[in-house]
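Undergrad: next one to model:
(chains A, B, C and D)
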2 protein chains.
Amino acid sequence: MIREKLEEYYSVVFEKDLLDEIAQAGTYKKVKENELLLDIGDKFHQIPLILTGAIKISRETKKGDEIVLYFLERGDTCTITFGSGLNSSKSKVRGVAEKDSELIFIPVEKLEDWMVKYKSWRNFVIDSYDIRLGEMLEAIDTLAFLKMDQRLFKYLTDKVQIMRSTSLNTTHQEIAVDLNTSRVVVSRLLKQLENEGKIKLYRNKIEVLDF
Amino acid sequence: MIREKLEEYYSVVFEKDLLDEIAQAGTYKKVKENELLLDIGDKFHQIPLILTGAIKISRETKKGDEIVLYFLERGDTCTITFGSGLNSSKSKVRGVAEKDSELIFIPVEKLEDWMVKYKSWRNFVIDSYDIRLGEMLEAIDTLAFLKMDQRLFKYLTDKVQIMRSTSLNTTHQEIAVDLNTSRVVVSRLLKQLENEGKIKLYRNKIEVLDF
DNA sequence: TTAAATAGGTAACATTTGTTACACTTTAAA
DNA sequence: TTTAAAGTGTAACAAATGTTACCTATTTAA
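TA: Numbering: from 1, shown residues only, chains lettered A, B, ... in the order given. Modelled structure (predicted):
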């Protein structure tokens, strides 16, 4: 069953032998919306490959301040640390299912083996890091250069892409947490976006019109 | 000569055979303070290993807004993209020598070879990515959670570490560019830090007292 | 079915950050 | 040596963001 799922989503990425090994060593798992996959400080013994769904990656300080970094989708891998040698292999980010998702978990011991054996795995690992770094840079740009109204609109349009729907079921409070601001500020700016004709507001729901 | 330098700085990190290969394939280079090593959008055919000195890594938008991400030191590698396969291998960041530095440049073709051949190289690459991601996360935390006065003080203390000196030769204008704010704001907050007894201000110079 | 909790709207105000303007001093260039 | 440029200090004001308070509507739980 894992083998079929892998065939469906990763046959372009990995060579046949590697697909077999992943199917053999990996564990298939379904997770529900809002399920916590990985918290900050957790040691992970397995790394996830995403088959379907979406994972929200966020960062939190000891004080409880929080901010969303980016979303992961099919073809992405969730971890940010493969933890070779020196590394403590503790997660520096949190991953929560943004919608119901399917994953395959791979034991970390395999990662190093496959690096030697499979060129496609080496590429996948390096590409994953590069993509992750790119997303972090985008997060940095957003924080450093955008005003809150632009950050808010970017958040909404990003979420439309990830959720594959222009209708987002979310509250102002949730958005405020994700952007590390206050509910009042979010409500204010959302109303402004609505007046500009970019979105339409409902209770527990936002329609994104212009994206 | 390269071999000796490598021996001095990297003998703990790399196995002997790999040191030989690096010495053989690499090019030694000295760069002066403020020299541009790598600009955004540049394709790079070589990646640098830092022997001595410090490199300032920053990000700039098309509009010219700029922000410093972190500093690199001995033992670090400067690149953020090894560019395997799909990747365009164009730099997403800028690297400028923060002081006179010594580097060894390695042709990118070797990176993949050594990934297969040397465990210490695999560890180095993965560790480099992890460290880079860690630094990006720190940059994100700084931007997301700190006020400008705290960001400014962090910038100063970070720079004290990197420069190995509590006396920084810099202008308010330079700092303003690095933090993507205005000179007036920097002057205001620096004066405030001086009044709190944390720093002492001179023309073209800042003494950091409390770090 | 009533009470409590959640979601959202908005005003008033505080704080932080950004902008403009101008003064003064020091350094570099003509 | 005079002039110009660069570096810094500071006031006054503008804009963006954060906070408190209170209102209404809707949903959930007792």
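
Undergrad: can you pull out the helices in chain A?
TA: Taking DSSP state H to define them, one finds helices in chain A at A:2-10, A:16-25, A:108-117, A:119-145, A:148-163, A:172-178, A:183-195.

Undergrad: the longest one to helix A:16-25, inter-axis angle?
TA: Regarding helix A:119-145 and helix A:16-25, their directions subtend 80 degrees when assessed with axes from the mean of the first three to the mean of the last three CA atoms, to 10 degrees.

Undergrad: quick check: which ranges of chain A have low pLDDT?
TA: A:79-88 (pLDDT under 70).

Undergrad: so it: which segments form each domain?
TA: In terms of domains, chain A is parsed into A:2-144, A:146-208 (source: automatic domain parsing).

Undergrad: what's the closest of those domains to DNA strand D?
TA: Among the domains of chain A, domain A:146-208 comes nearest to DNA strand D, with 3.5 Å by CB to the nearest atom of the strand. In this view, the C-beta of every residue, glycine as well, is placed from N, C-alpha and C.

Undergrad: need the winner for burial among the helices of chain A.
TA: Mean neighbours per residue, mean count of other CB atoms under 10 Å in any protein chain shown, is largest over the helices of chain A for helix A:119-145, with a mean of 20.

Undergrad: please see if it touches DNA strand D.
TA: No - contact of helix A:119-145 with DNA strand D (CB under 7 Å from any atom of the strand) is absent, the minimum separation being 10.5 Å.

Undergrad: for the residue nearest to A:Leu18 when sequence neighbours are not counted, what are its contacts?
TA: Nearest residue to A:Leu18, sequence neighbours excluded (CB to CB, 6 or more residues apart in numbering or on different chains): A:Tyr118, at 4.7 Å. By CB atoms under 8 Å, 6 or more residues apart in numbering or on different chains, the contact list for A:Tyr118 reads A:Phe14, A:Glu15, A:Asp17, A:Leu18.

Undergrad: re the thing from before, nearest to B:Leu38, of the helices of chain A?
TA: With CB to CB, the closest approach to B:Leu38 among the helices of chain A belongs to helix A:119-145: 14.6 Å.

Undergrad: how big is the angle separating the closest one from helix B:108-117?
TA: Going by the same axes, to 10 degrees, helix A:119-145 makes 120 degrees with helix B:108-117.

Undergrad: name the helices or strands packed onto helix A:119-145?
TA: Contacts defined by 3 or more CB pairs under 8 Å, 6 or more residues apart in numbering or on different chains; DSSP states H and E place helix A:119-145 against strand A:66-72, helix A:108-117, helix A:148-163, strand B:46-60, strand B:66-72, helix B:108-117, helix B:119-145.
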